[in-house]
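Asks: Following is a predicted model, sequence given first.
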Amino acid sequence: MKLWSLLGGFALSFWTTILLSNTVNAQSRIPVNWSVLAQNVTDPDLLGQIQKAWNNFVETGQIWALLIGLVIGYLIRNLTSYG
């Protein structure tokens, strides 16, 4: 746990340094391409996208695979647990 928080802190400080160094100093040695951070949103209807994905999940039968996998996993867990 300590290692992950240490790595996360390092990554956060690293990216903060890179982004702030480009805005504070115009002659920064680390160039940042701001267009990489930009997004082009073509369909802002988030709820419609979720509904479409759920309908596809049900129509393709993946929901049955999920339910069967949960039942089999539960049975295997109970059969292999001690106590």
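Replies: Okay, I see it.
Asks: and stretch 64-75, average pLDDT?
Replies: Averaging pLDDT along stretch 64-75 gives 96.
Asks: Ends of stretch 53-72, what's the gap?
Replies: Length of stretch 53-72, first residue to last, C-alpha to C-alpha, to the nearest Å: 25 Å.
Asks: just the helices in this protein please.
Replies: 2-24, 46-59, 62-80 (DSSP state H).
Asks: how about those helices in TSV, adding distance to residue 39 and mean neighbour count?
Replies: C-beta coordinates here come from the backbone N, C-alpha and C atoms, glycine included. Formatted as TSV, those follow (distance: least, C-beta to C-beta, whole Å; neighbours: other C-beta atoms under 10 Å):
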stretch	distance to residue 39	mean neighbour count
helix 2-24	16	10
helix 46-59	14	10
helix 62-80	28	10
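Asks: how about those, which one is nearest residue 40?
Replies: When the helices of the chain are compared by C-beta to C-beta, helix 46-59 sits nearest residue 40, at 15.5 Å.
Asks: just for this protein, where's the confidence low?
Replies: Applying pLDDT under 70 to the chain flags residues 1-3, 6, 10, 12, 14-15, 17-38, 83.
Asks: at 90 what do you get?
Replies: 1-46, 81-83 (pLDDT under 90).
Asks: any idea how far residue 61 lies from residue 54?
Replies: According to C-beta to C-beta, to the nearest Å, residue 61 and residue 54 sit 13 Å apart.
Asks: right, I mislabeled it, should have said residue 41
Replies: Applying C-beta to C-beta, the value for residue 41 to residue 54 is 21 Å.
Asks: Over to residue 9?
Replies: Plainly put, residue 9 is 37 Å away from residue 54 if you go by C-beta to C-beta.
Asks: got it, and residue 64?
Replies: As judged by C-beta to C-beta, residue 64 and residue 54 stand 14 Å apart.
Asks: Over to residue 72?
Replies: Distance of residue 72 to residue 54, given as C-beta to C-beta: 23 Å.
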